[in-house]
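1. Attaching a predicted model along with its sequence, questions to come.
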Amino acid sequence: MLTDYHLHLRPDDENTTAERFFTAENVDRYLAAAEAAGVEELGVSEHVYRFQQALDLWRHPLWESNGQDDLDAYCDFVRGTPLKLGIECDFIPGAEDRTATLLEARDFDYVVGSVHFIGDEAVDHPGWDVWEGSGDPDEVWRRYFESLAECARSGLFDILAHPDLVKVWGGTRPLPERDLRFFYEPAVAAIAESGIAVEVSTAGLRKPVGELYPSRGFAEMCIEASAPFALSSDAHLPEQVGFAYDRAVEFLDSLGVEEICVFEQRQRHLAPLGSRVG
Ligand SMILES: [Zn+2]
Ligand SMILES: [Zn+2]
């Protein structure tokens, strides 16, 4: 079994419209790409901040300028396709109850929980760059993984997205000097307690860092904590479906991981990890 659950039907460009990308033709392009890559389980997880309803959770200016679509229209559209229905939802500290209300009102197959922001600043968005100004690496990494821990522990999500996203810029941003496992520790403890699935994402290979999320060190700690893994590309284009899955499968194989998570109606089971076709 190969899955690709964390994917987006449209690019992260504010000028794209739902009408252009939420179409049967576009879904067919993703399905054809999945078949070519040997991906059997395909689901879409659009960013929550694309939807008007997300403004109940947070009023960050980036969300205010993006929150235009109707979440229920999205759910209805996806339910009319062969795709599993997911959503990528940011963990917003203090908005746990409102997040639960938003998620529980819809019949998602799975919810991907993300941390993109530390306070009002983003770890992966140039317009709100956490590294502008002081950007002390110890502080940024510590706060990022503490938020990730809260995200896991919230119990709101099924899959923990791109778990070490803070490294996205690679060598263009400073790295902490101490052993990175020191920063992973609180997040791995929360993963162990919560039982959340940890995403292995090939998206990092397309970013300046040029690595899978998570790092080998983080993944080894997750294995010690008996965490299950979910596999995704975080595709924003059809040609990115199953992107570099040979690398991800090799990574999981080398760690001795033999099963990955499959979701339906927010129920999880484990299936044998497949091998990439072609
Ligand atoms: Zn994300
Ligand atoms: Zn994503």
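-> Noted; the coordinates are in hand. Numbers count the residues shown, from 1 in each chain. Ligands and ions are numbered 1, 2, ... in the order given.
2. and residue 20, how many neighbours does it have?
-> By other Cβ atoms under 10 Å, 11 other residues sit near residue 20. Glycine gets a C-beta too; all of them are placed from N, C-alpha and C.
3. Leaving out chain neighbours, which residue sits closest to it?
-> The shortest distance from residue 20 to any non-neighbouring residue, by Cβ to Cβ, 6 or more residues apart in numbering, is to residue 10 (7.2 Å).
4. do the same with residue 273
-> residue 260 (5.1 Å).
5. sorry, back to before: what about the residue nearest to residue 20, distance to residue 19?
-> Distance, residue 10 to residue 19, by Cβ to Cβ, to the nearest Å: 10 Å.
6. Comparing these two, which residue is more hemmed in?
-> Per other Cβ under 10 Å, whichever of residue 10 and residue 19 has more neighbours is residue 10, with 17 against 8.
7. wait, the more buried one sits on residue 23?
-> No: look at residue 10 against residue 23 with Cβ atoms under 8 Å: they stay out of range, at 10.1 Å.
8. The residue nearest the centre of the chain and ligand 2, how far apart?
-> The residue lying closest to the centre of the chain (Cα atoms, centre = their mean) is residue 161, at 3.0 Å. In this view, residue 161 and ligand 2 are 6 Å apart by Cβ to the ion, to the nearest Å.
9. excluding its backbone neighbours, what's nearest that residue?
-> Using Cβ to Cβ, 6+ apart, the closest residue to residue 161 is residue 114 (4.2 Å).
10. okay, now that neighbour: neighbour count?
-> If we define neighbours as other Cβ under 10 Å, then residue 114 has 25 of them.
11. Please apply the same query to the one 4 residues further on.
-> Burial of residue 118, expressed as a neighbour count using other Cβ under 10 Å, amounts to 19.
12. what are the bridge partners for it, then?
-> residue 121 (DSSP bridges).
13. Around ligand 2, pick out the residues from the stretch 101-250 of the chain.
-> Neighbours of ligand 2 within the stretch 101-250 of the chain, by Cβ under 5 Å from the ion: residue 234.
14. In the stretch 101-250 of the chain, what residue lies closest to ligand 2?
-> Relative to ligand 2, the nearest point of the stretch 101-250 of the chain is residue 234 (4.5 Å; Cβ to the ion).
15. go on, the stretch 51-200 of the chain?
-> For the stretch 51-200 of the chain, Cβ to the ion, closest residue to ligand 2: residue 88, 4.7 Å.
16. And that residue, how far from residue 201?
-> 11 Å.
17. quick one: common contacting residues for those two?
-> Shared contacts of residue 88 and residue 201 (Cβ atoms under 8 Å, 6 or more residues apart in numbering): 6, 161.
18. show me where the chain has helices.
-> Counting by DSSP state H, residue ranges of the helices within the chain are 18-21, 24-37, 61-66, 71-79, 96-104, 137-153, 181-194, 216-224, 245-254.
19. which other helices and strands contact the last one?
-> So the one you mean is helix 245-254. strand 197-201, strand 229-232 (3 or more Cβ pairs under 8 Å, 6 or more residues apart in numbering; DSSP states H and E).
20. what's it in contact with?
-> 2, 37-39, 200, 202, 205, 212, 216, 219, 229, 231, 233, 260, 273-276.
21. Show the buried residues in those residues.
-> 2, 37-39, 200, 202, 205, 212, 219, 229, 231, 233, 260, 273-274, 276 (16 or more other Cβ atoms under 10 Å).
22. Flag the least confident of these.
-> Lowest pLDDT of these: residue 276, 61.
23. Quick check on the residue of the stretch 101-250 of the chain closest to ligand 2: phi, psi?
-> Torsion angles at residue 234 (phi, psi; degrees, to the nearest 10) stand at phi 60, psi 40.
24. Renumber starting at 12 from here on
-> I'll keep to 12 as the first residue from here, and by that count the last item is residue 245.
25. contacting residues for it?
-> Residue 245 is in contact with 17, 18, 19, 172, 173, 212, 213, 214, 251, counting by Cβ under 8 Å, 6+ apart.
26. what do you get if the cut-off is 6 Å, keeping everything else the same?
-> Residues near residue 245 by Cβ atoms under 6 Å, 6 or more residues apart in numbering: 17, 212, 214.
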